[in-house]
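Q: Return atomic coordinates for the entry below.
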Amino acid sequence: MRASRAGRALALATLAGCSCASQAQEHTRFGLNLGFAAGTGVEGSSASLGATLHAGAHFGFRPALLYSRVKYDPGDLFFVGDGGQLEPVGRQVTQEQMGGGLTVLYYLRRTAELSPYLFGGVSALRTEENDPGATVAGVVEPPQRELHTRKGVRAGFGVQYALKERLALFGELGVQHSFEKDYQATASFRSNLGLTFYLK
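A: Reported below is the predicted structural model:
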């Protein structure tokens, strides 16, 4: 009788162990992702290439490389027009940013299709700005080149939708706070859309 009870207990323990191992393997996943972000702040739009690692049922980590290249008119030079009105001098400043970031994901729940989550992240971008200069009323504004590092923290809400077993679409909406030396800190809304291809 005791041997029979011990055998049943051992069988139950083995089944429980297999079930826990199976769940752990299901919750631990690794994938590569490609994203595109847009916002209202100084960073503008950017592309990202990185990875996603799910550690357990609720947590995920997403390191990424970030890159953006935009042109804009700063609108800080003016000339006097024919009517005596100040008119802006049109010129295109090129801003190129490259860096990295890390986002921590906390899944409110994970299902086979739809998985909402909260996120928080940090980033650091090396920014290069090239101003072509201009000539206003005979005064020459020479070309300028500036290099600086912009850092940021962000937080928000996201949703991941499984398109297939190994392919998922994610969308995020959040707030970002950016700051750098000798420049005023800024806050902006950021949205992010991307795809994750799971290798396991």
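Q: what separates the nearest residue to residue 105 once chain neighbours are set aside from residue 123, distance-wise?
A: Residue nearest to residue 105 in three dimensions, not counting chain neighbours: residue 60, with 3.6 Å by CB to CB, 6 or more residues apart in numbering. From N, CA and C alone the C-beta is placed, and that goes for glycine too. Distance of residue 60 to residue 123, given as CB to CB, to the nearest Å: 17 Å.
Q: circling back: near the residue nearest to residue 105, how many other residues are there?
A: 23 (other CB atoms under 10 Å).
Q: Residue 195 against residue 171, yeah?
A: No - judged on CB atoms under 8 Å, residue 195 makes no contact with residue 171 at a distance of 10.7 Å.
Q: quick one on the thing from earlier: and the residue nearest to residue 105, what does it touch?
A: 52-54, 104-107, 117 (CB atoms under 8 Å, 6 or more residues apart in numbering).
Q: And for residue 128?
A: So residue 128 contacts 95-97, 145-147 (CB under 8 Å, 6+ apart).
Q: Bridge partners for it, pull those for me.
A: Beta-bridge partners recorded for residue 128 (DSSP bridges): residue 96, residue 147.
Q: Can you list the residue ranges for helices in the chain?
A: 2-27 (DSSP state H).
Q: pLDDT value on the residue nearest to residue 105, please?
A: At residue 60, the model reports a pLDDT of 95.
Q: go on, residue 44?
A: For residue 44, the predicted pLDDT is 67.
Q: what do you get for residue 101?
A: For residue 101, pLDDT reads 95.
Q: And stretch 97-109, what's buried?
A: Across stretch 97-109, burial judged by 16 or more other CB atoms under 10 Å covers 97, 99, 101, 103, 105, 107.
Q: ok, back up a step: can you flag which of the contacts of residue 60 belong to strands?
A: 52-54, 104-107, 117 (DSSP state E).
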